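Chemist: The following block contains a protein sequence and its predicted model.
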Amino acid sequence: MSDPVAKSATVLALPSNMMPSPVTSKGCSSLSVTYISRRKLVEAVDGLVSVMTPSSTCTKPYVHSGSDEFAADNTWLAKCPSALASFNQIIANAQCKKIALFLDYDGTLSPIVNDPEKAFMSPEMRAAVKNVTKFCPTAIVSGRSRDKVFEFVNLKELYYAGSHGLDILVSSTDSQSKTNDEEVKLFQPAREFLPMISEVNKSLLEATRSIKGANVENNKFCVSVHYRNVDKKDWKLVAEIVDDVLRAFPRLKLTTGRKVLEVRPMIDWDKGKAVEFLLQWLKLDDTESVLPIYIGDDRTDEDAFKVLRQRNCGYGILVSQVPKETEAFYSLRAPAEVMEFLNSLVRWKEQSA
Ligand SMILES: O=P(O)(O)OC[C@H]1O[C@H](O[C@H]2O[C@H](CO)[C@@H](O)[C@H](O)[C@H]2O)[C@H](O)[C@@H](O)[C@@H]1O
């Protein structure tokens, strides 16, 4: 995949306090991304691909024991209140602070659709995102390749972190360095994995060719194997094939998303680390003066929610129509509510300007 930005960009080393280390444990820690060991994947496949259904991973869905749906909704909203209903509380905590916004793409800015190539965001959503950048430094943090998510969002006002944070684009004028040159800089902590990712992408394409509906997407530093359009009876086969292919790549790991298996470099780097990196790089890491808000819908976003919770500053907002166990503080039900939230932020900032 050609990347015109990468050709002219300076690739920077990471600050020493943020160097990613190889992942040694593939254990299932309660709410971070689910790293699936081979044995677990195969076990799950045997249990009728339970790994491919939302209820089977470490991110357990919230289960209400009673039968009253209304009560279940209330319990969920008590645990993870609506960010719209709690808007006044959120802005009360943002008084005199700069809000730094982090936005996931699929399922957050664009609705989930069957064809990943057609996950367009609406012009209204684009306008909402563009408007909010006038007041808040904003970054997109996506599992997509950086150039692909830029194609979809198509706003120059934003920072972009693609491949689940493994490919971050910043310019030197944003950094702590005092230079005025507007030089493009890239942070790519898994750069050495590029040839391997390309190889595994080829192997996965070849191995899944015969499965109707299976779709392999090259996200540059990770590869997504989509099974949304595969007949349910063949989900097990997809998982077995991915497992077989990965045997030849011991330095790659597997995570799950929304009807997708994601192959990634086995390093200690995720969306949470990307958020920490961007806060530091953009000089937004002072918890007294900056309130980071991260909005996302997927398991991979839990790493970012966790970082904000651990820093005890800012809020994670989970986009979900159903109750889920999460590290987020607030919830929104769908991209339409995300847009409403962004527009509310803009109105508030305009009024208080
Ligand atoms: O971090 P994100 O920006 O949310 O990206 C995560 C994955 O999103 C995409 O897949 C998901 O959305 C597709 C389009 O709506 C849907 O068809 C698919 O089933 C979902 O898993 C994207 O295609 C993946 O590469 C991203 O990793």
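Modeler: Received it, and whenever you're ready, just let me know what you need.

Chemist: quick one: Phe120 is in a helix?
Modeler: No. Using DSSP: H, G, I helix; E, B strand; the rest coil, the assignment for Phe120 is coil, not a helix.

Chemist: Return the residues in contact with the residue nearest to it when sequence neighbours are not counted.
Modeler: Spatial nearest neighbour of Phe120, excluding adjacent residues (CB to CB, 6 or more residues apart in numbering): Ser110 at 6.1 Å. All C-beta spots, glycine's among them, are computed from the backbone N, C-alpha and C. The neighbours of Ser110, taking CB atoms under 8 Å, 6 or more residues apart in numbering as the test, are Ala119, Phe120, Met121, Ser122, Met125, Phe152, Pro335.

Chemist: do that again at 10 Å, thanks
Modeler: Contacts for Ser110 (CB atoms under 10 Å, 6 or more residues apart in numbering) come out as Asp104, Lys118, Ala119, Phe120, Met121, Ser122, Met125, Phe152, Val153, Pro335, Val338.

Chemist: Determine which two of those residues are furthest apart.
Modeler: Lys118 and Val338 (19.0 Å; CB to CB).

Chemist: hang on, the earlier thing: would you mind measuring from the residue nearest to Phe120 to the ligand?
Modeler: 6 Å (CB to the nearest ligand atom, to the nearest Å).

Chemist: Name whatever forms a beta bridge with that residue.
Modeler: Going by DSSP bridges, Ser110 is paired in beta bridges with Asp106.

Chemist: what pLDDT does it get?
Modeler: We have a pLDDT of 98 for Ser110.

Chemist: Next: Ser2.
Modeler: 48.

Chemist: cool, and Ala139?
Modeler: Value for Ala139, per-residue pLDDT: 97.

Chemist: Likewise for Asp73?
Modeler: Value listed for Asp73 in the pLDDT field: 79.

Chemist: again, but for Ser198
Modeler: On the pLDDT scale, Ser198 gets 98.

Chemist: What count of nearby residues applies to the residue nearest to it when sequence neighbours are not counted?
Modeler: Spatial nearest neighbour of Ser198, chain neighbours left out: Asn218 (7.7 Å); criterion: CB to CB, 6+ apart. Residues within reach of Asn218, counting by other CB atoms under 10 Å, total 18.

Chemist: Also Trp348?
Modeler: 17.

Chemist: tell me the secondary structure for the closest residue to it other than its chain neighbours?
Modeler: In this structure, Trp348 finds its nearest non-sequential neighbour in Ile91, 5.4 Å apart by CB to CB, 6+ apart. Secondary structure, three-state DSSP: Ile91 is helix.

Chemist: if I look at Ile91, how far off is the ligand?
Modeler: 26 Å.

Chemist: Assess the claim that that residue and Tyr315 are in contact.
Modeler: No. Ile91 is not in contact with Tyr315 according to CB atoms under 10 Å; the separation is 11.3 Å.

Chemist: quick one: common contacting residues for the two?
Modeler: Shared contacts of Ile91 and Tyr315, counting by CB under 10 Å, 6+ apart, come down to Ile99, Leu291.

Chemist: ok, the two, which is more surrounded?
Modeler: Tyr315 (22 against 17).

Chemist: Apart from its neighbours in sequence, what residue is nearest that one?
Modeler: In space, and not counting its chain neighbours, Tyr315 is closest to Phe329: 4.5 Å by CB to CB, 6+ apart.

Chemist: Tell me the residues of this protein that contact the ligand?
Modeler: The interface of the chain toward the ligand, taken as CB under 6 Å from any ligand atom, is made up of 104-107, 112-114, 116, 119, 142-144, 217, 219, 224, 226, 228, 257-260, 262, 298, 300.

Chemist: Please pick the buried ones from those residues.
Modeler: 104-107, 112, 116, 119, 142-144, 217, 219, 224, 226, 228, 257, 259-260, 262, 298, 300 (16 or more other CB atoms under 10 Å).

Chemist: circling back to that earlier point, for Lys118 and Val338, indicate the residue with more neighbours.
Modeler: Between Lys118 and Val338, counted using other CB under 10 Å, Val338 has the larger neighbour count: 27 against 8.

Chemist: where's that one, which helix or strand?
Modeler: Per DSSP states H and E: Val338 is located in helix 335-352.

Chemist: Which elements pack onto that helix?
Modeler: Counting contacts by 3 or more CB pairs under 10 Å, 6 or more residues apart in numbering; DSSP states H and E, helix 335-352 packs against helix 87-94, strand 98-103, helix 123-132, strand 290-296, strand 315-319, strand 330-332.
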